[in-house]
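J.: the amino acid sequence is not available; the structure is as follows:
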């Protein structure tokens, strides 16, 4: 484990930011301050942060409908994210994207993607650019157990293998595709499927930041050095519904209580770093408070921000017919 | 460029004109790449590496000249081809992706209409997706229902896409160069029956702007708006009628999105008669679209009901006799023009 104390602080700050961000989005959604459909990432923080800690702004990620955590982990400004999620002027996409379509090309965030399986083919393109232009950058796509069943993902895996693209495929298996379990919906095994494309694929405990971090270190070493694609399947859970407001009737009795008590990646991280003397509870609490303050400030700015001008309806597209 | 100047240039087929445009643009800009099935010539076989060059030969020779890192043979994997092209376009390249037949858009439509077409708007103007999707289209080769469609109406319906459909070799070259230099996703529809048609095409590079119709013939008695492979047929009809003293405007919009509705309206305001000729199926077609535009903006100029000459609302049949009946004929166009003129 090569993380400095400063890096560990940053890791935990990012993880707690994602957790509190999502909890706050749920609150603001329930209060009627967020339109539309919102899918939260709470519970999966160790994956997004464990992966993105290895990436630069020039590396590209492609995200999913459950993309807030990937955005934050990749360095997107949380205030501009909140403005976007609230559909306000000054949001990362000027209010035209929303929660499911946040993109920030300056941070190498190619876009959340609300089509399950939509992202991996595009990330192949980012990898193709890197390879063709000789930049040594890499592309990373996030997929779930749900999208692992999409033909587009299979096609992307095959083409990445055929063209030897610098593309790391991350499969966050949270065992739920909306309300359908992976035991029902995934025939066979995701990592084994990938391996059959002759792409190295490893499984990792997605609740353990350090396990994800270490796996990604190897993946990046492989891919950045020109050895082609790689895949990581992270075993993870989600704390909330498919979308905010999902009654989650598909959950078993006591399932959610058990997840929160025993499978909370933030608690697991805290226990590890405090027991090993790497960080103290006070330091972690302070980071929790700092993250909470930043989110509070972002939410207040978001609530006060103006709506987009109606004329914006007609911009950023070639024909106003 | 004047007509006489154009005529001094060497005669080339539409296929050659496209090949030349691709060569020149790849030479000019190292970010331009080509990807698709056998676009370089084929791969992984024992025989020639130049067996193909796209199945219709449009990309022939490019792989040898520019190398296989810029002319990329892919597996048969349309979603992955278009997805990679779009993602590469977002990150610095200017890909030209080939769909062997436009019908295959069915298996990669998400990457076109949900992804590439929406990025610029959905991401608040920050994304650029300079990708050209080339596809061969159209009936007449006995290729059956899944290799013969005209899908420009479906594509024109989608905001964010530009849709180009040349009717001759000269336009094909200029429109292709414009398409490659455009920062929006462009679908470039090539009618199979036009590949061997020829006309003078300058050796040097030139562009033709999108949304600017060409008047293939001029006349004030009727306005014929024709698309793609229907343009030569409309010209033949106009030339025949001209001998009888009936003079028609033949408007070739060249791009269906953006559409030069202004030129169409100006012509109809003079002629008072509109005939739309489109090989696509009729419902929600360009023929229907142009009719609606004229009804909305030039209704008072109309002196006769609008006529639409299109394919029937059926898939493309295989049997030659049926396919011939499917494709709008010169006789049908001529009859429609005469009907708008009260049976002259």
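T.: It's in. Small disclaimer: the values here were computed from a predicted structure and weren't measured.

J.: so residue B:243 versus chain A, what's the distance?
T.: Distance of residue B:243 to chain A, computed by C-beta to the nearest C-beta, to the nearest Å: 39 Å. Yep, even glycine has a C-beta here, placed from its N, CA and C like the rest.

J.: report the contact partners of the residue nearest to residue B:146 when sequence neighbours are not counted.
T.: Sequence neighbours aside, residue B:103 is the residue nearest to residue B:146 in space, at 5.1 Å (criterion: C-beta to C-beta, 6 or more residues apart in numbering or on different chains). By C-beta atoms under 8 Å, 6 or more residues apart in numbering or on different chains, the contact list for residue B:103 reads B:137, B:146-149, B:151.

J.: residue B:103: what secondary structure?
T.: When classified by DSSP: H, G, I helix; E, B strand; the rest coil, residue B:103 comes out as helix.

J.: okay, the contacts of residue B:103 in CSV with neighbour count, secondary structure and pLDDT next?
T.: Output for the contacts of residue B:103, formatted as CSV (neighbours: other C-beta atoms under 10 Å in any protein chain shown; DSSP: H, G, I helix; E, B strand; the rest coil; pLDDT from 0 to 100):
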residue, neighbour count, secondary structure, pLDDT
B:137, 27, strand, 97
B:146, 12, coil, 95
B:147, 19, coil, 96
B:148, 27, coil, 96
B:149, 25, coil, 96
B:151, 19, coil, 97
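
J.: what residues does the stretch 151-300 of chain A have near chain B?
T.: A:151-152, A:155-156, A:158-159, A:162-163 (C-beta under 8 Å from any C-beta of the partner chain).

J.: wait, which of those is closest to residue B:78?
T.: Closest approach to residue B:78 among those (C-beta to C-beta): residue A:155, at 8.2 Å.

J.: about what we covered before: make a markdown table from the contacts of residue B:103 and add distance to residue B:91 to it.
T.: Listed next are the contacts of residue B:103 as a markdown table, based on distance: C-beta to C-beta, whole Å:
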| residue | distance to residue B:91 |
| --- | --- |
| B:137 | 29 |
| B:146 | 33 |
| B:147 | 33 |
| B:148 | 35 |
| B:149 | 32 |
| B:151 | 28 |
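
J.: surely residue B:206 touches residue B:172?
T.: No. Contact criterion C-beta atoms under 8 Å: residue B:206 and residue B:172 do not qualify, at 11.7 Å.

J.: okay, those two: which has more neighbours?
T.: Neighbour count, other C-beta atoms under 10 Å in any protein chain shown: between residue B:206 and residue B:172, residue B:172 has more, with 32 against 13.

J.: so what's the more buried one up against?
T.: Residue B:172 makes contact with B:14, B:17-18, B:21, B:166, B:190, B:194, according to C-beta under 8 Å, 6+ apart.

J.: residue B:170 too?
T.: Here residue B:170 is in contact with B:6, B:17, B:199-202 (C-beta under 8 Å, 6+ apart).

J.: in strands only, show me the residues you listed.
T.: If you go by DSSP state E, the contacts of residue B:170 have B:199-200 in strands.

J.: okay, and the beta partners of residue B:73?
T.: residue B:36 (DSSP bridges).

J.: confidence score at it?
T.: Looking at residue B:73, its pLDDT stands at 96.

J.: and for the one 4 residues further on?
T.: As summarised for this prediction, residue B:77 has a pLDDT of 97.

J.: pretty sure it contacts residue A:161?
T.: No. If you go by C-beta under 8 Å, residue B:77 and residue A:161 don't touch, sitting 11.3 Å apart.

J.: out of these two, which sits in the busier spot?
T.: Comparing residue B:77 with residue A:161 by other C-beta under 10 Å, the one with more neighbours is residue B:77, at 22 against 17.

J.: just give the number of residues close to the residue nearest to that one when sequence neighbours are not counted.
T.: Nearest-residue entry for residue B:77: residue A:155, 4.6 Å, with adjacent residues in sequence omitted and distances by C-beta to C-beta, 6+ apart. Using other C-beta under 10 Å, residue A:155 has 27 neighbouring residues.

J.: my read: residue A:155 touches residue B:76, true?
T.: No. Assessed by C-beta under 8 Å, residue A:155 is found out of contact with residue B:76, at 9.7 Å.

J.: now do the contacts for the residue lying farthest from the centre of chain B.
T.: Note on chain B: the largest C-alpha distance from the chain mean falls to residue B:46, namely 35.5 Å (C-alpha atoms, centre = their mean). Neighbour list for residue B:46: empty [criterion: C-beta under 8 Å, 6+ apart].

J.: residues in contact with stretch A:213-222?
T.: Residues contacting stretch A:213-222 (C-beta under 8 Å, 6+ apart): A:1, A:3, A:11, A:50-51, A:53-55, A:138, A:168, A:200, A:202, A:204, A:228, A:230-232.

J.: buried stuff in it?
T.: A:213-216, A:219-220, A:222 (16 or more other C-beta atoms under 10 Å in any protein chain shown).

J.: and it, average pLDDT?
T.: On average, stretch A:213-222 scores 98.
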